[in-house]
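Visitor: okay, here's the prediction I keep looking at, along with the sequence it came from:
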Amino acid sequence: MSNIFFEVENKYKLYSTKGASEQQINAAELKLKRKFSLEYKEYLAKYGAVSFGNVELTGLNVEKYANVVDVTNKEIQRNSAFPDGCIVLQNTGVEGVLVLMEENGTVYYWQNGKKGSEYRTLHDFILSLV
C-alpha cells in the first residue's frame, strides 16, 4: 500500500490511533455484515483511524463517534435508504452529508438518499481533501 496520507502529512498534522489487527478488522466486518475494501483494510491496519485539518475518518481503536462499526450501524438504523454494502467513512457533520465507501473501494458523498461526488479509491478521495 502506498502511503495514502503522504500528501496530507506535508500540509496538515496527521493524528492516528493504533493500527488494527487482522482479528479486529474481521470482527468489525462480521458485526457490520459487510466486507471492507482491501484499501480500507490496509488503512485500518496501518492507522486505525485518522484525523487531519477538519477531517476525521472512521476506523478502529477509536471512540464510538468515529468507530466505523458504531457510526455505520447508527446510520443504517437511522435511514432505511442507507445503501447495502456501504460503510460510513466520514460523517461531515454538515446537513446530514456522509462520505460512504463501497466494498469495491468506491467512495462518494451521500445526502438524503442521493449520491454526490464520487472517487474511484480512498487514495483519490484523500487527494481531493488536500
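Guide: Great, that's in hand.
Visitor: helices along the protein, start to end?
Guide: 6-11, 22-32, 38-47, 68-78, 122-129 (DSSP state H).
Visitor: now do the residue nearest the centre of the chain against Met101, distance only.
Guide: Central residue of the chain (CA atoms, centre = their mean): Leu89, 2.2 Å from the mean position. According to CB to CB, to the nearest Å, Leu89 and Met101 sit 5 Å apart. In short, each C-beta sits where N, CA and C put it, glycine included.
Visitor: now list whatever residues contact both of these two.
Guide: Tyr40, Val107, Leu122 (CB atoms under 8 Å, 6 or more residues apart in numbering).
Visitor: what's the closest non-adjacent residue to the last one?
Guide: Meaning Leu122. Nearest non-adjacent residue to Leu122, counting by CB to CB, 6 or more residues apart in numbering: Glu39, 4.7 Å away.
Visitor: okay, now that neighbour: neighbour count?
Guide: Neighbours of Glu39 under the rule other CB atoms under 10 Å: 18.
Visitor: from memory Gly53 sits against Tyr15, does it?
Guide: No - when contacts are counted by CB atoms under 8 Å, Gly53 is not listed as touching Tyr15 (10.4 Å).
Visitor: show me what contacts the closest residue in space to Val99 that isn't next to it in sequence?
Guide: Distances taken as CB to CB, 6+ apart put Gln90 closest to Val99, at 3.9 Å, once the chain neighbours are dropped. Gln90 is in contact with Val55, Glu56, Leu57, Thr58, Leu98, Val99, counting by CB under 8 Å, 6+ apart.
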